[in-house]
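Novice: for reference, the sequence and a predicted model appear below.
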Amino acid sequence: MTELQAREPLIFELGKPGRQAVTQFPPHAPGTAEIPAHLRRAVPPALPEVSELQAVRHFTRLSQMNFSIDTHFYPLGSCTMKYNPKACNSFAMLPEFLALHPLGPEPQGFMACMYELQEMLQEITGMQGVSLTPMAGAQGEFAGVAMIRAYHQARNDMGRTEIIVPQAAHGTNPATAAMCGCSVKEIPCDANGDVDIAALRAAVGPATAGIMLTNPSTLGVFEHKIAEVARIVHEAGGLLYYDGANLNAILGKVRPGDMGFDVIHMNLHKTFSTPHGGGGPGSGAVGVGARLLPYLPIPIVGRDGARYRWLTERDLPQSIGRLSGFMGNAGVNLRAYIYMRLLGREGMVRVAEFAALNANYLMKRLQAAGFEAAYPKRRASHEFIVTLKSENRLYGVTAMDVAKRLLDYGFHAPTTYFPLLVPECLLIEPTETEAKEDLDRFCEAMIAIRREMQHEPEKLAAAPHTMPVRRLNDVRAAKQLDLAWKPAA
Amino acid sequence: MSDIPNDLRYTKSHEWVRKVHGEAPDGAVEIGISQHAQSALGDLVFVEVPEAGRTLSAGEASAVVESVKAASDVYSPVSGKVIAANGELAARPELVNQDPYGAGWLFRVQTNGPFDEATLMSPVAYAQYLADEAK
Amino acid sequence: MAFIPHTADDIDRMLERIGAQSIDDLFDEIPAALRAGALKLPPAMGEMELGRLLTERAQGDGRPVNFIGAGAYEHHIPAPVWAITTRGEFYSAYTPYQAEASQGTLQLIYEYQSMMCALTGMEVSNASLYDGASALAEACLMAVRANRGSNSRRILLPRSLNPTYRQVAHAIAGNQGLVFESVDFDRAAGRTALQALLPYSGQDVTALVIQQPNFFGCLEEVDELTDWAHQNKILVIAVVNPISLAVLKAPGQWGARTEAGHGADIVCGEGQPLGVPLASGGPYFGFMTTRMQYVRQMPGRIVGRTVDTEGRPGFSLTLQAREQHIRRSKATSNICTNQGLLVTAATIYMSLLGAAGLQRVAAASLQRTADLVARLSAVAGVKAAFTAARFHEAVLLLDRPVPPVLNALAQRGILGGLDLTDRYPELGHALLVCATETKLDVDIDSYAAALADVMQVARAAA
């Protein structure tokens, strides 16, 4: 049903000694006699020796072994796999933008874009200041927690080293807290997917640095009691951190700043449609309320009259510092800027509206087809969870089986086994850019798979059947580590 | 039902403790993870054991067992000094899956003073604990 | 509506299925008091008018001839690199968690890891980190985990290391109690002197960082520094420029062969020179390689080759138990998203260039910088600062303040280098310059002529 490239040798197996793509070489071939012999390389590195066409064909064929948004519906929960407009890439790759050295004179045209991006993100999140330097969501989280620590330390409130996270939190939250030298306190969620208020009250105290929350939560529902959560944490002397993983669900509907959050990171590669690139780059811009303004990571774009300039440690002496060699993933930020200008104020609100429409529609259709929603009494946010607990009991199939079988039907699998709290779960996020027909096709596939569960469950257990490979032996991968090709001795 | 040998003591974090007789002075114990724990983790791909000579406090993370989908700390149920570790596991982590109470032992500790079994769960209590956890 | 495919009829039918009256009903769980008012954002723009705005802004920034390096280097990027990298199948795919539907990305990362191991002379590579500076911070944290014999968390950072890397290491790793101590450089040679390390002999130190070539473009005496570190049970973190490794000794070969093995223990650096445009500083990618014995201490994703249920070879993410989504607060790092697309570009770049091409790029860059230094230091009031052998950067000393000179050059369309006055006040009026293979004789000629002119005007005015 899906036509993926079947197999491609390693590029090392394609070449021949002496073959070169000489067009790409610099014209001169000087010697390296200036390098003292003991610092010189003796044996050349074992890199491929291929022609330009061989390389082009090889990597093109590899690309054809992937699912992607451009080729497939990709309802991967919590990842916001929406269309990445081509204009964002084309304009960000204008040759003048690409030629800018980061330490050259302050480029006014580029910086104007970054300044306006900061302003727009500030407005959308209801914050007082924005820094674009964090290079991914996890680094944005790091910046957020580091700012919270710096805030308490500046007040000489040294004992606040505990970060509270709900059990359903993304793994980066506790990992980030640890990277910032904080300890982690996990609190449970109640049956509706909300934070357990009693547990929160019991958890806060003089050691509380802050709480990290996603809203809507990773359970795909809006945290009803957010105002109460904010009050409890603030009264205990802690600050609130908003993990922007699910910002797509609420764009223009409710602002984290208005919910009481003191700091937020945004995943520009989710909400603002910069590409995921097979694992990155992302961009994890952070926004802060007034209390944390002095601690923002540098550099930031500032404006003196009509001139833009980089704000550095001189302007923000209390900053948590620099998180990247220059100013973060500038080209990603530029793509987010272009996306936001294409949508404008009218388009921005529609993001959340149609993400919610698609998610709620898909949830209802799947429920009608016999699938069990994990939180049936709740609205879906921009995503929702289906649990295959009963199917697992009745037919012995797992969420993994269904995920793999969906690949055969030409759909990328939803997120599986996250959040960990819900057994045999599929976290499904269709995004606003999918048409109703595509959602319907996905439902048809799920219905067909449901039929297979009942009549030929072995077909699911062995899925996928049409991909370049079957299920891979992960145990062998981890035990007999083969992490790099080596030339034959 | 999980295999829970009668001559061992257990912890809530699923370690087992065996008194070592004969070869070591009083208070030497052997530590591993239970049948239940290895089965919950699945095929182990890596086991890290503490170096001999290291001093451990009860409840301290002392070893790591890792499968494809999970990694879990093993907490020392007792305080004392590591006198031996199971070096076989570096090459054959699957021993923990195959024989968790025997060849899959993790490390031995010389406890500070004689070891008091009463601080840990009996086989009956551990069986009950597993039954309660499963509910 | 931008990128929203729904027709009015679609919306009606979908709402009907949901049982809602309006789209706004879908947000009825948000407390009314919290609902946002109208956003103050600019109105939507079409692709055509936005393209015009951006083109104007881009062109306004001009295209000067660039002689700045300092961690970001201008190299020729073969046309196929970005033509293929931006194919939707790479560009718009997610992290390859569903291995069967991501074999292209996975195999590419495996090939990348192989190339980085070959280049650095190490055994394992991860699938990338954010950039060179943050990769060093991660390497310092990794060294604390890997050096079991050390409890001090002390890391020695030479002052000849890129100063921004020091700042970033401090910002990222400082929260975990790492202590960074500075090691001075030899003022005449421009490289770290073994002498400066001797006071640390016999002390508990976790790791020594060695940047090769260093921030000044000078070559460090990597063998003796590595040997000293290993004699003192200190791990060596190498920070290297990947292009330079085509001609410089691989970190895996540094120092004498010892029981503990050979060479640096952790290698990291900035991957940008491998096919990534300057683009205002990012996105670039950080790389990291190490010895097999430390693989479980390494941060970031790793791809392994294995077999499927039918015994066919295939690729998947492996050793994931190190990572945040499994290990949570005990993960080796919080990194999740990395710089996958840049790794794609770098892999294609290295494939096209091969060892022979990279060697040519490195040698040509070295030669161009030598030419540049020779020409510029012939200008009155300009001399080379250091005597050590160089790769493709050099520090020049001027007899007058650097900023006005750079401004005057910029007005002539030349980015003359990086002013080091703030970073290294002890050097005086110091300027860091770089010429890669992209600089032609005509570029170097015009820089030399412009500098001679600017210096003369300045002298006359003084």
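Specialist: Everything's here; your move. Numbering: from 1, shown residues only, chains lettered A, B, ... in the order given.
Novice: from now on I want contacts and neighbour counts done on CA atoms only, so please keep to that.
Specialist: Fine.
Novice: contacting residues around residue 82?
Specialist: In the absence of a named chain, chain A is used. A:Ile69, A:Lys270, A:Ser273, A:Pro430, A:Thr431, A:Glu432, A:Thr433, A:Glu434 (C-alpha atoms under 8 Å, 6 or more residues apart in numbering or on different chains).
Novice: should've been chain C
Specialist: Contact partners of C:Trp82, counting by C-alpha under 8 Å, 6+ apart, are C:Ala345.
Novice: one more: A:His72?
Specialist: Residues counted as contacts of A:His72 (C-alpha under 8 Å, 6+ apart) are A:Gly410, A:Phe411, A:His412.
Novice: which ones among these also lie next to chain C?
Specialist: A:His412 (C-alpha under 8 Å from any C-alpha of the partner chain).
Novice: with respect to C:Gln359, which of the contacts of A:His72 is nearest?
Specialist: Closest to C:Gln359 out of the contacts of A:His72 is A:His412 (41.6 Å), distances taken as C-alpha to C-alpha.
Novice: which residues in chain B form strands?
Specialist: B:9-10, B:15-19, B:28-33, B:44-48, B:55-56, B:61-67, B:71-75, B:80-85, B:107-111 (DSSP state E).
Novice: my bad, should have said the stretch 51-200 of chain A
Specialist: For the stretch 51-200 of chain A, the strands defined by DSSP state E, counting those that start in this stretch occupy A:129-131, A:162-166, A:183-187.
Novice: including mean pLDDT and distance to chain B, could these go into TSV?
Specialist: Below are those laid out as TSV (pLDDT from 0 to 100; distance: least, C-alpha to the nearest C-alpha, whole Å):
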stretch	mean pLDDT	distance to chain B
strand A:129-131	98	35
strand A:162-166	95	20
strand A:183-187	94	15
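Novice: which non-adjacent residue is nearest C:Ile18?
Specialist: A:Tyr361 (5.6 Å; C-alpha to C-alpha, 6 or more residues apart in numbering or on different chains).
Novice: who is residue 208 paired with across the strands?
Specialist: Assuming you mean chain A. Counting by DSSP bridges, A:Thr208 forms beta bridges with A:Glu162.
Novice: let me rephrase: I mean chain C.
Specialist: Applying DSSP bridges, one finds that C:Leu208 bridges with C:Leu156, C:Val236.
Novice: in chain B, what residue is nearest chain A?
Specialist: For chain B and chain A, the shortest gap (C-alpha to the nearest C-alpha) falls at B:Val45, measuring 5.2 Å.
Novice: isn't that residue up against B:Pro93?
Specialist: Yes - with contact defined as C-alpha atoms under 8 Å, B:Val45 counts as touching B:Pro93 (5.9 Å).
Novice: neighbour count for those two, which is higher?
Specialist: Each of B:Val45 and B:Pro93 has its neighbours counted (other C-alpha atoms under 10 Å in any protein chain shown); B:Val45 has more, 25 against 22.
Novice: what's near enough to touch that one?
Specialist: Counted by C-alpha under 8 Å, 6+ apart, B:Val45 has contacts A:Val475, A:Ala478, A:Lys479, B:Glu66, B:Ser67, B:Val68, B:Pro93, B:Glu94.
Novice: so what's the last one closest to, chain neighbours aside?
Specialist: The reference is to B:Glu94. B:Leu44 is the one closest to B:Glu94 (C-alpha to C-alpha, 6+ apart), at 5.8 Å.
Novice: try the third one
Specialist: Spatial nearest neighbour of A:Lys479, excluding adjacent residues (C-alpha to C-alpha, 6+ apart): B:Val45 at 5.2 Å.
Novice: which helices and strands does the worst-scoring helix or strand of chain A on mean pLDDT pack with?
Specialist: Within chain A, judged by mean pLDDT, DSSP states H and E, the helix or strand with the poorest mean is helix A:172-179; its value is a mean of 91. When contacts are defined as 3 or more C-alpha pairs under 8 Å, 6 or more residues apart in numbering or on different chains; DSSP states H and E, helix A:172-179 sits against helix A:137-154, strand A:162-166, strand A:183-187, helix C:324-327.
Novice: rebuild the ones you listed as CSV, extending it with distance to C:Gly69 and mean neighbour count.
Specialist: Shown next, in CSV, are the helices and strands packed on helix A:172-179 (distance: least, C-alpha to C-alpha, whole Å; neighbours: other C-alpha atoms under 10 Å in any protein chain shown):
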stretch, distance to C:Gly69, mean neighbour count
helix A:137-154, 26, 26
strand A:162-166, 41, 26
strand A:183-187, 40, 19
helix C:324-327, 35, 23
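Novice: need the three-state assignment for A:Ala445.
Specialist: Under the three-state scheme (DSSP: H, G, I helix; E, B strand; the rest coil), A:Ala445 adopts helix.
Novice: now stretch C:113-132, how far from the chain's geometric center?
Specialist: In this view, stretch C:113-132 has its centroid 12 Å away from the chain centroid, taken as C-alpha atoms, centre = their mean, to the nearest Å.
Novice: any residue of that stretch touching chain A?
Specialist: Yes - using C-alpha under 8 Å from any C-alpha, stretch C:113-132 comes into contact with chain A via C:Gln113, C:Ser114, C:Met115, C:Cys117, C:Ala118, C:Leu119, C:Glu123, C:Val124, C:Ser125, C:Tyr130, C:Asp131, C:Gly132.
Novice: these two touch, right, C:Val405 and C:Gln456?
Specialist: No - C:Val405 is beyond contact range of C:Gln456, at 10.5 Å (criterion: C-alpha under 8 Å).
Novice: on that earlier part again, take the contacts of B:Val45 and keep only those in helices.
Specialist: Those of the contacts of B:Val45 mapping onto helices are A:Val475, A:Ala478, A:Lys479, B:Glu94, per DSSP state H.
Novice: would you turn those into a markdown table with neighbour count?
Specialist: Shown next, in a markdown table, are those (neighbours: other C-alpha atoms under 10 Å in any protein chain shown):
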| residue | neighbour count |
| --- | --- |
| A:Val475 | 19 |
| A:Ala478 | 26 |
| A:Lys479 | 20 |
| B:Glu94 | 22 |
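Novice: nearest to C:Thr192 among these?
Specialist: Nearest to C:Thr192, judged by C-alpha to C-alpha, of the ones in helices among the contacts of B:Val45 is A:Ala478 at 40.0 Å.
Novice: tell me the confidence at that closest one?
Specialist: Looking at A:Ala478, its pLDDT is 94.
Novice: got any ranges where chain B has weak pLDDT?
Specialist: Within chain B, the segments meeting pLDDT under 70 span B:1-2, B:22-25.
Novice: close to chain C: what parts of it are there?
Specialist: B:Glu66, B:Ser67, B:Val68, B:Lys69, B:Ala70, B:Ala71.
Novice: returning to what we had before: which of the contacts of A:Lys82 sits closest to C:Gln107?
Specialist: Among the contacts of A:Lys82, A:Ile69 lies closest to C:Gln107 (C-alpha to C-alpha), at 19.3 Å.
Novice: with adjacent residues omitted, what lies nearest to that closest one?
Specialist: Residue nearest to A:Ile69 in three dimensions, not counting chain neighbours: C:Ser92, with 5.4 Å by C-alpha to C-alpha, 6+ apart.
Novice: kind regards, and thank you for your time.
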